[in-house]
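*Asks:* Sequence isn't available, so here's the structure alone:
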């Protein structure tokens with residue numbers, strides 16, 4: 001009943017439908033993302049949002065995974081690809097979050113996708129990422145000069161603020177910072193040694209971080 005009277009969705013309100021836009025072309029060696037294009041996109045995206053909106057219905061695909069409507073959307077980053085960087089800092093550490101955002105802005109890292117969320121209660125898992133606080137996720141072109149060293153500096157700032165980097169998206173965290181970000185790391189390692197003493201179950205992430 002909440003759907004508009006003339007909406008086609010009234011005929012099958014629970015049907016899962018996705019919109020498919022034209023695929024991103026494969027001849028973009030340098031990608032489409034630069035400080036200029038990302039700045040223009042972010043300005044348009046900001047301007048199109050209403051100042052206030054309540055009770056507006058959205059399709060599942062639009063709400064949860066809008067990028068899936070653009071086939072091969074990752075090509076806009078060029079053949080060098082991109083780095084996903086996500087961290088969390090707890091409540092009371094908002095100044096650290098502001099400082100990191102200012103550093104990213106001053107470095108002029110173009111990010112086509114930036115998502116800020118507030119977390120609630122943490123999960124009891126020993127390597128669980130969320131803590132009550134704020135998480136910021138960024139997609140950054142991997143070919144930016146000096147990006148690795150810059151993200152290393154951000155990792156240190158996150159660790160100093162009692163925060164952590166999201167391991168499910170990580171591809172470059174230094175192993176010496178892991179214990180500072182995940183205080184129950186030793187418990188996880190002890191259980192792993194007990195259940196898998198020969199290290200049969202291992203990943204590239206586990207090798208790099210000595211999990």
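*Replies:* On my side now, so go ahead. Treat the numbers as computed from the prediction; the structure is a model and nothing was measured.
*Asks:* mind listing what the helix or strand harbouring residue 137 pairs with, with the direction of each?
*Replies:* Element membership for residue 137 (DSSP states H and E) is strand 133-141. Partner strands and pairing direction for strand 133-141 (DSSP bridges) are strand 82-90 (antiparallel), strand 113-119 (antiparallel).
*Asks:* Pull the residues that contact it.
*Replies:* By Cβ atoms under 8 Å, 6 or more residues apart in numbering, the residues outside strand 133-141 that reach it are 31, 33, 77-78, 80-91, 93-94, 97, 100-101, 104, 109-119, 147, 163, 166, 169. From N, CA and C alone the C-beta is placed, and that goes for glycine too.
*Asks:* Show me which of these are buried.
*Replies:* Those of the contacts of strand 133-141 that meet the buried threshold are 31, 33, 77-78, 82-83, 85-90, 93, 97, 100, 104, 109-112, 119, 147, 163, 166, by 16 or more other Cβ atoms under 10 Å.
*Asks:* ok, now how distant is the residue nearest to the spatial centre of the chain from residue 116?
*Replies:* Residue closest to the average C-alpha location in the chain (Cα atoms, centre = their mean): residue 137, at 3.3 Å. From residue 137 across to residue 116, the span is 8 Å (Cβ to Cβ, to the nearest Å).
*Asks:* do the same with residue 43
*Replies:* Residue 43 is 18 Å from residue 116, by Cβ to Cβ.
*Asks:* No further questions, thank you.
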